[in-house]
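A.B. asks: Kindly return the folded structure for what I paste below:
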Amino acid sequence: MIARDNPVPAPPFWGSKCLDHIPVRSIVPYINRNTLYKFQWGYKSQGKTLTEYQQWARVELDPILNRLLARDDEAHILRPQAVYGYFPCQSQGDDLILYEDESGRRERCRFTFPRQSSGKRLCIADFFRAVDSGDMDVVGMQVVTVGQHASDFARELFEKNQYQDYLYWHGLNVETTEGLAEFIHKRIRAELGFGREDARAISDLFKQRYRGSRYSFGYPACPNLSDQEKIL
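C.D. replies: All right, here's what the predicted structure looks like:
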């Protein structure tokens, strides 16, 4: 059941804000090490229990990660940046309409989202105030990167046949970017006034134990990759 009577949060500003110099170390706690180690670096459990794997990873894999981060402290390979912001919006059927300002007179762009094929048959637009409600809602958007330099560095390792180092750095680039998105999303929730509802442990944020949702284009709920151009 979707709650229709939740008050619309008030954003601290309208439009977008650029964060140019985000310290890598502030993002490190938001790196999902389980995903990094198992799916990016390829170190599977191989029969270990969860506890056994975590103990093994602390001894064998954490030092590798720490070595990469120490290298980054000196060379600044990762250069996290983000643009995020808040936009007035309303839903219309399967569409989410973003406006130029709170008056709602000029449409900035719109996104059309698919519905679930079963169950409640919901789509992202359902979670916003409808046009005929007379209420203006707000949507948060973000774009994050760890920089072209990080990609270039990983590619150079590959071209030099340093495949293991390439695997480590490429995986770290991917998961630091994902951690940065988690970091910015947490900031958005705090600025909208309900960040205190977050789970206390960062590891629980990876399980979406917070109010709201973060969607990425290219996944089933919003599969149209070309929609990314609308927020850039």
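
A.B. asks: next SSE after the longest strand that the chain contains?
C.D. replies: Within the chain, and with DSSP state E defining each element, the longest strand by residue count is strand 81-92. Where DSSP states H and E defines the elements, the next helix or strand beyond strand 81-92 is strand 95-99.

A.B. asks: Need the per-residue pLDDT for the most centrally placed residue in the chain.
C.D. replies: In the chain, the centroid-proximal residue (CA atoms, centre = their mean) is Ala181; its distance is 3.1 Å. Turning to Ala181, the model gives it a pLDDT of 99.

A.B. asks: How much space separates the residue nearest to it when sequence neighbours are not counted from Val174?
C.D. replies: Spatially, and ignoring its direct neighbours in sequence, Ala181 is nearest to Val144 (5.0 Å; CB to CB, 6 or more residues apart in numbering). C-beta coordinates here come from the backbone N, C-alpha and C atoms, glycine included. Distance, Val144 to Val174, by CB to CB, to the nearest Å: 12 Å.

A.B. asks: Then Phe153?
C.D. replies: Phe153 is 13 Å from Val174, by CB to CB.

A.B. asks: buried residues in the helix or strand hosting the residue nearest to the centre of the chain?
C.D. replies: Using DSSP H and E, Ala181 maps to helix 163-191. Across helix 163-191, burial judged by 16 or more other CB atoms under 10 Å covers 165-189, 191.

A.B. asks: got the angle between it and strand 81-92?
C.D. replies: 50 degrees (axes from the mean of the first three to the mean of the last three CA atoms, to 10 degrees).

A.B. asks: next helix or strand past helix 163-191?
C.D. replies: Counting by DSSP H and E, what follows helix 163-191 is helix 202-205.

A.B. asks: mean confidence score for the helix or strand just after that following helix?
C.D. replies: Next in sequence after helix 202-205, counting helices and strands by DSSP H and E, comes helix 228-231. Averaging pLDDT along helix 228-231 gives 92.

A.B. asks: quick one: helix 228-231 to chain centroid distance?
C.D. replies: On the basis of CA atoms, centre = their mean, to the nearest Å, helix 228-231 sits 15 Å off its chain's mean C-alpha point.

A.B. asks: what does that helix rub up against?
C.D. replies: For helix 228-231, contacts defined as CB atoms under 8 Å, 6 or more residues apart in numbering pick out Cys109, Phe111, Met141, Val143, Phe217.

A.B. asks: likewise stretch 174-184?
C.D. replies: Stretch 174-184 is contacted by residues 19, 22, 24, 26-32, 35-36, 40, 78, 80, 82, 84, 142, 144-146, 150, 205-206, 214, 216 when judged by CB under 8 Å, 6+ apart.

A.B. asks: can we see that at 7 Å?
C.D. replies: 27, 30-32, 35-36, 40, 78, 80, 82, 84, 142, 144-146, 205, 214 (CB atoms under 7 Å, 6 or more residues apart in numbering).

A.B. asks: which parts of the least confident helix or strand in the chain by mean pLDDT are buried?
C.D. replies: Lowest on mean pLDDT, DSSP states H and E among the helices and strands of the chain sits helix 228-231, with a mean of 92. By 16+ other CB under 10 Å, the buried positions in helix 228-231 come out as Ile231.

A.B. asks: what about stretch 4-11, start to end distance?
C.D. replies: 19 Å (CA to CA, to the nearest Å).

A.B. asks: Below-threshold pLDDT in the chain: ranges please.
C.D. replies: 1 (pLDDT under 70).

A.B. asks: Let's see that with 90 instead.
C.D. replies: By pLDDT under 90, the low-scoring segments of the chain are 1-6, 231-232.
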